[in-house]
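Peer 1: Provided below for reference: sequence and predicted model.
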Amino acid sequence: MTGGMSNKYQLPRVRLENDLVAKYPAYDAGEALSEAARCLYCYDAPCTVACPTSIDIPEFIRRIATENVVGAADTILTANLLGASCARVCPVEVLCEGSCVYTGWGRKPIEIGRLQRYATDNGAGDVSFDKQPPTGFSVGLVGAGPASLACAGRLALLGHGAVIYEKSDIPGGLNATGIAPYKMQAPGAIEEAEFVESLGVSIETGVAIGEDITPEELLEKHDAIFLGVGLGGDSSLEVRGGDADGVIGAVEWIRGLKTGDTMSVHHVKSAAVIGGGNTALDAARELAQLGVEEVRLLYRRTVDRMPGYSHELAGARRDSVIVVTDTLVEEVVVEDGKAVALKLVRADNGQPTGENTGILPVDLVVVATGQARMRDLIESFPSVEVDGKGHIVTDPASGVTGNRLIFAGGDACNGGKEVVNAVDEGQRAARAIHELLIPGKQKESA
Amino acid sequence: MPDLSIDFAGIKSPNPFWLGSAPPTNSGDQIMRAFDEGWGGAVWKTLGNPIVNVSSRLGAVDYSGSKMLGLNNIELITDRPLEVNLREMTEVKKRYPDHAVIASLMVETREEWDELIKRSEDTGCDGLELNFGCPHGMCERGMGSAVGQEPRVLEELVHWVMETASIPVIVKLTPNIGDITEPGLAACKAGADAISLINTVQSLIGVDLDLLVPLPRVADGSTHGGYCGPAVKPIALRMVGVLARDPRINIPLSGIGGISDWRDAAEFIALGAGSVQVATAVMHHGFRIVRDMIDGLDNYLAEKKMKSVNELVGKAVPGFKEWGELDLNYHVVAEIDDNSCIGCQLCVVACHDGAHQCIHQPGVAAVPGHVAPMAEIAATRASRSAAEPYRVPWVDETECVGCNLCSLVCPVDGCITMAERRRYPEKETWNERVASGGAEIPGGIKDLPPRS
């Protein structure tokens, strides 16, 4: 958003994600002006309605058009503190750009995502935020992903102390470790976390809840708590050989690609990605873009049942990913402890039929069938409950849990949605926490 | 194929498209290339005694991503030696005998006028254009618009010229004046063969907001210049029309001001111009634009079944009236086509904030007793498609004054049309009302309650 990340957080200089090129180059000023000029400046605009954080999109685009780039960034960040990463990672095809009146008219929609990126890249650094005087209250936030960052940033602007506790060494959560590199690379997410720190938030990395600090200690230290813990590790492949070398969870694999220094696909000629969600599609596209000759996406149902976005599926096909549907893995064939092939069976509506469909030689198997839940961590907080799916039970308007001092948002509550949803939930919680600490015109939300 | 050739006050040209006196007609080389592209005539960059120019000289207004909607210049007349210009003019005329070459002139004394007219005629050029329009630099020295703004001075100067000149004389007028008919009549009275208008409009193009110096910047400052380009077309069109409809002005008019394509040209011709002059559009895109101008005008005339461009000259003049002659009983209301509407609701906000509050979003109920056929349709459709919000606005015809604003802001061609709803079948004008003594409208000062 400004001039790159500082030296505070360390990333390996050589990361595999560096080999993946950005999908779109950044606009230069002339391009941004001419695209902004195309915007109709709709009244009661559908793009704004479609945005989970309700960014006044026609307003910020008009500000770009009048060369008021700082004002444009202000409009964006006022509604969405993580406007810089949302500009890159939002599925605009199904949100703002998908609802642009040009889209309905059969014309190319305004490139809202790219314009938002232009505004935040070039204007965010000069936005002066209206920061309230210190209130003396302090809020502890668990996890440094988008939900906590958005919540903490808002709280800091409202004058509250905000301390984020993050287990890993870098902040950003899935924004740093999980976003497809052609959308955003890890340094971009870390830079944005540093922007949030600049608002008065402190981030303590390398701190694990339950080990380095207990929930009780957190509740004693802070006046309120926000849980932005996200989801847990990858679901494993529950078949014979599913734990062999060469079988890896998708979230773990993508994290290695983005933040590790030991990843390589040189030895991989044939890879299989198991799953049909957006994480599966991301992993498959990344493998194909890194030059893996044969990348197969193995999904247990038909294409129309895939939970991943159709535009991402189309992108995967453009990247030469082979999409294999109605297929389940029955066994991983292991030689010398290493996965070498998959035994496949036909599936009918996701259930095995017993009909063998062949043996697929593979060098790498990426499992993208979901993520575990952080049930234990969550339930270690008093009176915080999870539902049958492992999601934290909250009041959606405020994010408050069964404990009136504890709030939550992001993937841990919604089961894994977009960054922009996490931001929305984090910001809602910040407003509710503010109301809790300094009861104002609204009734106390807990 | 329609005949585009014209005889303008005795100046013959293969088509009505001339280059106006400006940088594109600086030199013989440029003019010959222009003729090769298809231009019918050229008015040479104004000749006179040597001047010096400044740098920079041009500034522009860009609008909404479009470059050079308006152009402003502080350049003076030709900065090349007279002898060179005259020699090249001779050469051009020799090589292009069928094209119109017109010498634009601007000097101070009678002796200078006489000499320059004779020298120009020696080149074989087809006509003279007297530059009484330039609104910057030269006028500070008593020339250009300083003459055009003083009808009596203009009349006397034209008299001098007419006594010497043996070829057609066009008087070029400045728009920087209250009533354009005054210099127009003066030119007629003095015996000019034709009038051309408009020269540029006095302007200051902008301010550099970093340096806080006006533009175009010349070191530590700037000066006012002459405004031209598409932005001035409506100003020019009115002035040409005003002279064209004045029965006292009965000499040909050459239209100038923001003409960029055949449509602009056709509009000027329909409002009375016998030829048109173009400069800014050529400065923007080059001489090649004339190809489409010729082709477009050809096709238009053919479509309108006109055999010659001369048939188009003045065709729209009878329709250019005073306000008091307009039909008060004519009335239109907006109609929105719900098939082509894209739901941007620009008409809603324009009508509510900038007009007469008669276009409403679906979901707003119609006022009982008002004519609003679409309101009901909107209500039905909105309830039927909850997933895909119905965004087509509706018009309260009872409140619609027929101003056009909604149709002007609508981005979709043909989506909003203005449907005729005459108030009364018979025509009635304001002038007729005044003549019949019925011009008093209730609700004025006389009807105010006493002050308390």
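Peer 2: Perfect, I can see it now.

Peer 1: which one is A:Glu355 nearest to, not counting chain neighbours?
Peer 2: Nearest non-adjacent residue to A:Glu355, counting by Cβ to Cβ, 6 or more residues apart in numbering or on different chains: A:Arg346, 4.2 Å away. The C-beta positions use only the backbone N, C-alpha and C, and glycine is treated the same way.

Peer 1: Is the one you found located within a strand, as I assumed?
Peer 2: Yes - assessed by DSSP: H, G, I helix; E, B strand; the rest coil, A:Arg346 belongs to a strand.

Peer 1: Touching, B:Ala103 and B:Cys125? I think so.
Peer 2: Yes - using Cβ atoms under 8 Å, B:Ala103 is in contact with B:Cys125, at 4.9 Å.

Peer 1: what about the residue nearest to A:Glu355, neighbour count?
Peer 2: Neighbours of A:Arg346 under the rule other Cβ atoms under 10 Å in any protein chain shown: 14.

Peer 1: So which bits of chain B are right by chain A?
Peer 2: Counting by Cβ under 8 Å from any Cβ of the partner chain, chain B comes close to chain A at B:64-66, B:342-346, B:348-349, B:361, B:389, B:391, B:411-412.

Peer 1: same thing but 6 Å
Peer 2: B:64-65, B:342-345, B:348-349, B:411 (Cβ under 6 Å from any Cβ of the partner chain).

Peer 1: Which residues of chain A lie near chain B?
Peer 2: The interface of chain A toward chain B, taken as Cβ under 6 Å from any Cβ, is made up of A:34, A:37, A:40, A:42-44, A:101, A:104-105.

Peer 1: Just the closest residue of the stretch 151-300 of chain A to chain B, please.
Peer 2: A:Asn278 (22.7 Å; Cβ to the nearest Cβ).

Peer 1: Just say helix, strand or coil for the closest residue to that residue other than its chain neighbours.
Peer 2: Setting aside the residues directly before and after it, A:Asn278 is nearest to A:Gly308 in space (Cβ to Cβ, 6+ apart), at 4.6 Å. When classified by three-state DSSP, A:Gly308 comes out as coil.

Peer 1: Same check on A:Glu331?
Peer 2: Using three-state DSSP, the structure places A:Glu331 in strand.

Peer 1: Enumerate the beta-bridge partners assigned to it.
Peer 2: A:Arg240, A:Lys343 (DSSP bridges).

Peer 1: picking that back up, my read: the residue nearest to A:Asn278 touches A:Gly275, true?
Peer 2: No - counting by Cβ atoms under 6 Å, A:Gly275 is not a contact partner of A:Gly308; they are 8.5 Å apart.

Peer 1: quick one: which of these two has more around it?
Peer 2: Neighbours per residue (other Cβ under 10 Å) separate A:Gly308 from A:Gly275, with A:Gly275 holding more: 25 against 21.

Peer 1: The residue nearest to that one when sequence neighbours are not counted: neighbouring residues, count only.
Peer 2: Distance criterion Cβ to Cβ, 6+ apart; nearest residue to A:Gly275, sequence neighbours excluded, is A:Ala368 at 3.4 Å. A:Ala368 has 28 neighbouring residues, counting by other Cβ under 10 Å.

Peer 1: Find me the pLDDT at A:Ala368, would you?
Peer 2: Looking at A:Ala368, its pLDDT stands at 96.

Peer 1: need the contact list for it.
Peer 2: Contact partners of A:Ala368, counting by Cβ atoms under 6 Å, 6 or more residues apart in numbering or on different chains, are A:250, A:273, A:275, A:279-280, A:283.

Peer 1: quick one, phi psi at A:Ala271?
Peer 2: phi -130, psi 150 (degrees, to the nearest 10).

Peer 1: roughly how far apart are the closest residue in space to it that isn't next to it in sequence and A:Ala316?
Peer 2: Leaving aside its sequence neighbours, A:Ala271 sits nearest to A:Leu364 (Cβ to Cβ, 6+ apart; 4.3 Å). Applying Cβ to Cβ, to the nearest Å, the value for A:Leu364 to A:Ala316 is 16 Å.
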